[in-house]
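A.B. asks: Could you work out the structure for the sequence below:
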Amino acid sequence: MIETSENMTTFVNVSDQQPLFGGKTKGRCSKTCLSIVVLGVLVFVGIMMAGYSMYWNDVVGVRVMSLNTWGMPHSMSSEDKEERMAAIGKLLSQSEYDIVMLEELWMRPDHETIKKSLGPEYYMTEYDDLTTSCDGKIWPWGCSGLAVISKFPFQQKNFSRFSQQGNFGQIFSDG
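C.D. replies: Numbers count the residues shown, from 1 in each chain. So this is what the prediction gives:
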């Protein structure tokens, strides 16, 4: 069919007005189109799952706990300290933590009590590993009060003492 207007003549083929895909159903996707979309989604999800699996394959989970033992000597008004240290040792020997960092473990006998309570699967720093010039038998002066327990053997231990420290005599006034 030929249409003519004032400025232009156009040839219109009436038989060529059907949609390219889907025949006479306008706005709907054919089975082929739907299959391609579903296949694309499945490939995308598969690639995402493979990437997620490859990422988490090399990740290692480690359970870590920090515990304040409240290990001041009896002379500094610490109550039930021996029972508390024995209970801490028992708790840690039954726990599932990979690394435990102990604070305020001031006295050498308390350190030994906890260390004896641990099973053979745990490694614990020695009392002198994380301190400098500290006796730890009568008074905690100069002691760090720190210890580390681990399910992994220690490769290296290093303790660095801060050059600036607070006054130990002010422990009761400022905590």
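
A.B. asks: Can you get me a residue count around Leu102?
C.D. replies: Leu102: 24 surrounding residues under other CB atoms under 10 Å. C-betas here are computed from N, CA, C, even on glycine.

A.B. asks: So for it, what's the nearest residue that isn't a sequence neighbour?
C.D. replies: Sequence neighbours aside, Ala147 is the residue nearest to Leu102 in space, at 4.3 Å (criterion: CB to CB, 6 or more residues apart in numbering).

A.B. asks: quick one: contacts for the one you found?
C.D. replies: 101-102, 105, 111, 114, 124-125, 127, 130 (CB atoms under 8 Å, 6 or more residues apart in numbering).

A.B. asks: Just send those residues back as CSV, with pLDDT and distance to Gln155 too.
C.D. replies: Formatted as CSV, these follow (pLDDT from 0 to 100; distance: CB to CB, whole Å):
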residue, pLDDT, distance to Gln155
Met101, 95, 17
Leu102, 95, 20
Leu105, 89, 22
His111, 91, 21
Ile114, 95, 22
Met124, 94, 15
Thr125, 92, 13
Tyr127, 84, 20
Leu130, 81, 15
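
A.B. asks: Kindly reformat those as CSV containing secondary structure.
C.D. replies: Below are the contacts of Ala147 laid out as CSV (DSSP: H, G, I helix; E, B strand; the rest coil):
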residue, secondary structure
Met101, strand
Leu102, strand
Leu105, coil
His111, helix
Ile114, helix
Met124, strand
Thr125, coil
Tyr127, helix
Leu130, helix
